[in-house]
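structural data only, the sequence is not supplied:
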């Protein structure tokens, strides 16, 4: 079956080039939402077959070009460094759509498709992709950052809506900054929890018990942020202006492992700024806390 040269923005035939965790989760979620997932290709035939098996009517094809020939809208669900090369390895049609799934990469990576007359865009779910079924279900609660011009923009908005997700529009040239911001809420949060867990373990706590305690604390903090915003939700030493406790933190971490101090200092200084901006501290309290941190 060969796709039409007319782009059907209302219900395009979807194809996937790349069948890793992202491609598997997206294709399953689209299929469950009643969208037409038609074709898949991957360097791993087994991965393409797994994607096709979970999407009724989808076929795993032997070449990437076969997906281009069959679908109206093709997701390049491949690693960022492979997007441009994969896009250049196939022949695009006028009025079809090429969509990458990178958070940080600009649409210029798809210029070869644009020059061939295809619409180009980006579709980036704000989601952690582990188990494909869990990730597919989680797409209903997440936001999806999209970038495109019409008519593709309307098609991507429809697909986000079909998932039950929320649309975020990223302005051209801002994708790297947008993607960096996501790390504060996800990847860096994992690092912070790992460091807290490590400190607990060093002072004698069971690591599993420490993880559960910290996760409960983190969930409470996130609930408070949702209700009141970060500045009002922040609790603890730096929201209270407690310079004496800050000094004790610094001394304890220095004794435990001086390598812990640089990250602590950076986060503590940011905490002082947030507390000051949100009216939790006055200038004198902020100065006292900064003096402790500057003396580290």
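Noted; the coordinates are in hand. Note that the coordinates shown come from a computational prediction; the quantities given were computed from them, not determined experimentally.

spatially central residue for the chain, please.
By C-alpha atoms, centre = their mean, the mean C-alpha position of the chain lies nearest to residue 126, the distance being 3.7 Å.

if I look at it, how far off is residue 166?
When C-beta to C-beta, to the nearest Å is applied, the distance between residue 126 and residue 166 equals 9 Å. Every residue, glycine included, has its C-beta placed from N, CA and C.

any shared contact partners between the two?
Shared contacts of residue 126 and residue 166, defined by C-beta atoms under 8 Å, 6 or more residues apart in numbering, comprise 142-144.

wait, is residue 78 part of a helix?
No - assigned with DSSP: H, G, I helix; E, B strand; the rest coil, residue 78 falls outside any helix and is coil.

surely it touches residue 84?
No - using C-beta atoms under 8 Å, residue 78 makes no contact with residue 84, being 10.1 Å away.

looking at these two, which one has more neighbours?
residue 78 (24 against 17; other C-beta atoms under 10 Å).

ok but residue 57 is inside a helix, no?
No - read with three-state DSSP, residue 57 is coil and lies in no helix.

contacting residues around it?
Counting by C-beta under 8 Å, 6+ apart, the residues that residue 57 touches are 36-38.

now do it against residue 156, distance only.
Distance from residue 57 to residue 156, counting by C-beta to C-beta: 21 Å.

quick one: average confidence on the longest helix seen in the chain?
Ranked by number of residues, the top helix in the chain under DSSP state H is helix 207-228. Regarding helix 207-228, the rounded mean pLDDT is 98.

any idea which of the contacts of residue 57 is the one closest to residue 193?
Distance to residue 193 across those (C-beta to C-beta) is lowest for residue 37, with 35.3 Å.

can you point out the buried residues in the strand or helix carrying residue 293?
Taking DSSP states H and E as the criterion, residue 293 maps to helix 283-294. Neighbour-count burial for helix 283-294 flags 285-286, 288-290, 292-293 (criterion: 16 or more other C-beta atoms under 10 Å).

make a markdown table out of the residues you listed and add distance to residue 171 and pLDDT.
Below are these laid out as a markdown table (distance: C-beta to C-beta, whole Å; pLDDT from 0 to 100):
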| residue | distance to residue 171 | pLDDT |
| --- | --- | --- |
| 285 | 38 | 98 |
| 286 | 34 | 98 |
| 288 | 40 | 98 |
| 289 | 36 | 98 |
| 290 | 35 | 98 |
| 292 | 40 | 98 |
| 293 | 35 | 98 |
